[in-house]
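In: Fold the following.
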Amino acid sequence: MNYLLFSSILLLTPSLHAFNLDAFSKHIDSHQEEYVEALREWVAVESDSSDALKRPEVEKMMEITAEKLRKMGGKVDLVDIGNQELPNGKIIPLPKVVTAQFGNDPKKRTVCVYGHVDVQPAKQEDGWATEPYNLTDINGNLHGRGASDNKAPVLAWIHAVEAYQALNIELPVNVKYIIEGMEETGSNGLDAMVSQRKDTFFSDIDYIIISDCGWLSRRPALTYGTRGNCYFFAEVEGPKQDLHSGVYGGTVIEPMTDLIGILDTLINPSGRILIPGINEAVAPLTDEERNMYENIQFDMENYRKKIGVDRLMYSTKEDVLAHRWRYPTVSIHGIEGAFSASGSKTVIPAKVIAKFSIRQVPDMDPSVVEKQVTDYLNAMFAKRNSPNKLRVQMIIGAKPWVADINDPLYEAGKKAVKKVFGEDPDMIREGGTIPVAKTFEDVTGKRIIMLPIGGFDDGLHSQNEKMSRYNYIEGTKYFAAYLHEVAQIPKV
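Out: Predicted coordinates for the structure are as follows:
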């Protein structure tokens, strides 16, 4: 876009009604207990999408979400997105996707808010200080599984529209929602649904907003990039059954030894990925981007202490942020089939499966990464001259995403942050993966912005996940303000 032309058009465009932050703040503050109770109801639903036995809970969560939007007067649909085949061959329905619409004025911009209401697994015995599915307020922090990822942000977007309705203020833009229940396991079925509705539900949308992310520090942030994720299983199979190490140890080539041996070839102690072609595909870090990192609020010492390690991989803020956001990483997550219970067991496992991932960045491609990893591990395994069998499988191939920080969408975000929080936001990337961002961009051709309200210490996917009252309530005001600011972008 010609941004000089954009500025000229903006000067000639009649301003919409001014945004009365005081009115919205008073309304939202006076309803915060109601908002907390709504979050309590949502957190109580164990919508763990990774557990097929919890599928009824995920479906219940989708119904609750749809009913909430219906009561607000939205045009709501529960969209069937097909079935899922489980590893045991059983086929079960995927949770329906909720779509909703508020307003259809062709003279207004139309924004679409994406969110998810499924969660990661959680058990109190895993180290939670409270019951994960009972929202608990401790010193202004609302603890519960899914509180920050992503139930409170979804509710904040709903409360923002409710605030316009309650104040009898016309929405400055048309608002659509698309809310799913399988994000934590790869958004099964969503890509096909987006493709099928490209020319219907998505046809009149101008922008897509995602709030499934968080701040880097206590300073608000706008997110302009995420890493992708290639998730692999590497299986080594040997004897026909588990063996006694005292009887058979020393006479067989053990699958676990082979597996650990090839895993050790993936990355060196300084963090460099050893798979040929991976590092060469990474887009170079520009001086402009590195300079931007210098101004970002990030306390390395607090970061280190929060993790609980003696030292980090890198010694400067710029290097830590770059390797957290815009360089690929290899992480080994676990070994299935290995003995992991308490006590001792002298067993040689017959089959073991390593689970590891590569977080990818522009300009890496999942299909290329799959071939690079598979070829490399097979070559490393061949060097071992083992009679065991190796099978490598990529089960997730999510692409990275990056946006233009000079887009008027981001200028609107900066204005809304300044209006509500009184300071300029950090411009950050996200080290995690939000696969749907790239899907939305590739399939619909729409521009995307990520507006996080989650705190930097919310503990996503970890024990004692929380969303602070401050971020939840002020975030609701921020979303209301953003709807006003994005309405100021003229149609060119």
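In: which stretches of the chain have low pLDDT?
Out: 1-17, 492 (pLDDT under 70).
In: Please parse it into its domains.
Out: Described in terms of automatic domain parsing, the domain architecture of the chain consists of the residue ranges 3-226+400-487, 229-283+326-398.
In: Residue 291: which of those is closest?
Out: Between residue 291 and the domains of the chain, the shortest gap by C-beta to C-beta is with domain 3-226+400-487, which sits at 11.6 Å. For the C-beta atoms, the positions are set from N, CA and C on the backbone; glycine is no exception.
In: Leaving aside the residues adjacent along the chain, what's closest to residue 19?
Out: Residue nearest to residue 19 in three dimensions, not counting chain neighbours: residue 484, with 4.0 Å by C-beta to C-beta, 6 or more residues apart in numbering.
In: for the helix or strand that contains the one you found, which positions count as buried?
Out: Mapping residue 484 onto the secondary structure by DSSP states H and E places it in helix 469-487. Applying a neighbour-count criterion of 16 or more other C-beta atoms under 10 Å, the buried positions in helix 469-487 are 469, 471-487.
In: ditto for stretch 356-373
Out: 356-362, 364-366, 369-370, 372-373.
In: ok, so of the residues you listed, who is nearest residue 458?
Out: Of the buried residues of stretch 356-373, the one sitting nearest to residue 458 (C-beta to C-beta) turns out to be residue 359, at 19.5 Å.
In: residues contacting that closest one?
Out: Taking C-beta atoms under 8 Å, 6 or more residues apart in numbering as the contact definition, residue 359 lies against 227, 228, 229, 328, 329, 331, 431, 432, 433.
In: Correct me if wrong: the fourth one contacts residue 364.
Out: Yes - taking contacts as C-beta atoms under 8 Å, residue 328 lies within contact range of residue 364: 6.5 Å.
In: Give the intersection of the neighbour lists for these two.
Out: With the criterion set as C-beta under 8 Å, 6+ apart, the overlap between the contacts of residue 328 and residue 364 is 278, 282.
In: tell me the SS of residue 40?
Out: helix (DSSP: H, G, I helix; E, B strand; the rest coil).
In: possible to save the domains of the chain as TSV with distance to residue 315?
Out: Conversion of those to TSV gives the following (distance: least, C-beta to C-beta, whole Å):
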stretch	distance to residue 315
domain 3-226+400-487	18
domain 229-283+326-398	12
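In: so of the ones you listed, which one's packed in deepest?
Out: Between those, the one whose residues have the most neighbours on average, counting mean count of other C-beta atoms under 10 Å, is domain 3-226+400-487 (a mean of 19).
In: Make sure residue 436 is actually in contact with residue 190.
Out: Yes - in this structure residue 436 lies within contact range of residue 190 using C-beta under 8 Å: 6.1 Å.
In: what residues are shared contacts of those two?
Out: Listed as contacting both residue 436 and residue 190 by C-beta under 8 Å, 6+ apart are residue 180.
In: nearest residue to residue 195 other than its sequence neighbours?
Out: Here the nearest residue to residue 195 in space, its sequence neighbours aside, is residue 443; by C-beta to C-beta, 6+ apart that works out to 5.4 Å.
In: Next up, the contacts around the most centrally placed residue in the chain.
Out: When C-alpha atoms, centre = their mean is applied to the chain, the residue found nearest the centroid is residue 434 (4.2 Å). Taking C-beta under 8 Å, 6+ apart, we find residue 434 in contact with 210, 212, 213, 226, 401, 450.
In: The stretch 151-300 of the chain: strands as residue ranges?
Out: With strands called from DSSP state E, counting those that start in this stretch, the stretch 151-300 of the chain shows them at 174-180, 207-210, 221-226, 228-237, 243-244.
In: Output the ones you listed in CSV; the columns should cover distance to residue 287.
Out: Rendered in CSV, the data for the strands of the stretch 151-300 of the chain read as follows (distance: least, C-beta to C-beta, whole Å):
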stretch, distance to residue 287
strand 174-180, 38
strand 207-210, 28
strand 221-226, 17
strand 228-237, 25
strand 243-244, 57
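In: Tell me which of those lies nearest to residue 165.
Out: Distances from residue 165 to each of the strands of the stretch 151-300 of the chain were compared by C-beta to C-beta, and the smallest falls on strand 174-180, at 11.0 Å.
In: now the closest one against helix 469-487, angle please.
Out: Computed with axes from the mean of the first three to the mean of the last three C-alpha atoms, to 10 degrees, the direction of strand 174-180 lies at 130 degrees from that of helix 469-487.
In: Give the other helices and strands that strand 174-180 contacts.
Out: Helices and strands touching strand 174-180, by 3 or more C-beta pairs under 8 Å, 6 or more residues apart in numbering; DSSP states H and E, are helix 55-71, strand 97-102, strand 110-116, helix 152-166.
In: doesn't residue 351 make contact with residue 241?
Out: No - with contacts defined as C-beta under 8 Å, residue 241 does not count as touching residue 351, sitting 9.5 Å away.
In: one step back: do you know which of the strands of the stretch 151-300 of the chain lies nearest residue 138?
Out: When those are compared by C-beta to C-beta, strand 221-226 sits nearest residue 138, at 24.3 Å.
In: Could you give the separation of the closest one from the chain centroid?
Out: Averaging C-alpha coordinates over strand 221-226 and over its chain gives two centres that are 11 Å apart (C-alpha atoms, centre = their mean, to the nearest Å).
In: Stretch 404-413 now?
Out: Taking the mean C-alpha point of stretch 404-413 and that of its whole chain, the gap between them comes to 21 Å (C-alpha atoms, centre = their mean).
In: any residues touching that stretch, and which ones?
Out: Taking contacts as C-beta under 8 Å, 6+ apart, the residues outside stretch 404-413 that touch it are 1, 3, 6, 207, 222, 224, 403, 425, 427, 447-449, 451, 482, 485-486, 488-489.
In: about what we covered before: I'd like to know which of the domains of the chain is closest to residue 307.
Out: Residue 307 lies closest to domain 3-226+400-487 among the domains of the chain, at 10.9 Å (C-beta to C-beta).
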